[in-house]
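Engineer: Need coordinates for the below:
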Amino acid sequence: MLRENGKNASEEELAALTARKAVVYQEMIRNRDVMYPGAAEFVRECAARFPLVLVTGTLRDEAEMILRRSGLRELFLDIVAAEDVEHGKPEPDGFNMALGRLGFLLRQRDAIEPAQALVIEDTAAGVEAGRRAGMRVLALKHSAPEADLAGADIMCASIAEANLDAILRHLA
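Structural biologist: So this is what the prediction gives:
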């Protein structure tokens with residue numbers, strides 16, 4: 001945000017802002033459901049058919065808290081959080097790391113190809129990161145205008161309207 005607004009900050013200032021944001025955000029999510037309607041059901045449907053890794057720009061503690069509160073944590077083999085990568089979205093670092101970890105966790109002999117993965121994103125930076133990683137991208141329009149998500153392979157109005165079989169047919 002600072003960079004986008006032409007402002008500079010030292011490493012110490014960035015660390016202080018990140019720590020403060022974490023405290024405020026964790027307090028906000030501690031006692032309220034922050035899942036989009038239909039998200040838990042869609043995650044369960046996906047997890048019944050495919051291995052899942054969460055790639056998020058949030059801190060690990062925040063992601064863990066949200067997933068545990070919603071009863072979804074055990075459905076994800078791993079989490080790649082903000083502190084795991086040097087460069088966040090729109091850089092592809094998080095998705096590349098997730099693919100490597102997934103191959104390791106599944107004990108894949110051969111590397112999993114990026115085109116075998118589906119990224120589900122709701123931000124322009126996330127769509128760009130997925131594309132730059134060479135992965136297929138499903139964009140959800142519930143938090144960004146369609147024009148900002150134009151790089152996606154397929155779009156849905158919201159996760160509640162996402163139909164896994166229709167998505168897979170479209171991408172086949």
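
Engineer: what distance separates the helix or strand in which residue 44 is found from the centre of its chain?
Structural biologist: Assigned by DSSP states H and E, residue 44 belongs to helix 39-47. Going by C-alpha atoms, centre = their mean, to the nearest Å, the spacing between the C-alpha centre of helix 39-47 and its chain's C-alpha centre is 14 Å.

Engineer: quick one: average confidence on the next helix or strand after that helix?
Structural biologist: Per DSSP H and E, helix 39-47 leads on to strand 52-55 as the next helix or strand towards the C-terminus. Strand 52-55 comes out with an average pLDDT of 98.

Engineer: How about stretch 10-17?
Structural biologist: Mean predicted confidence for stretch 10-17 is 83.

Engineer: Can you give the contact residues for that stretch?
Structural biologist: In this structure, residues lying in contact with stretch 10-17 by C-beta atoms under 8 Å, 6 or more residues apart in numbering are 2, 9. Yep, even glycine has a C-beta here, placed from its N, CA and C like the rest.

Engineer: quick one on the thing from earlier: now do the helix holding residue 44: everything it contacts.
Structural biologist: The contact list for helix 39-47, computed with C-beta under 8 Å, 6+ apart, reads 52, 70-72, 75-76, 159-160, 162, 164.

Engineer: Residue 140 is in contact with residue 160, correct?
Structural biologist: No - Residue 160 is beyond contact range of residue 140, at 9.4 Å (criterion: C-beta atoms under 8 Å).
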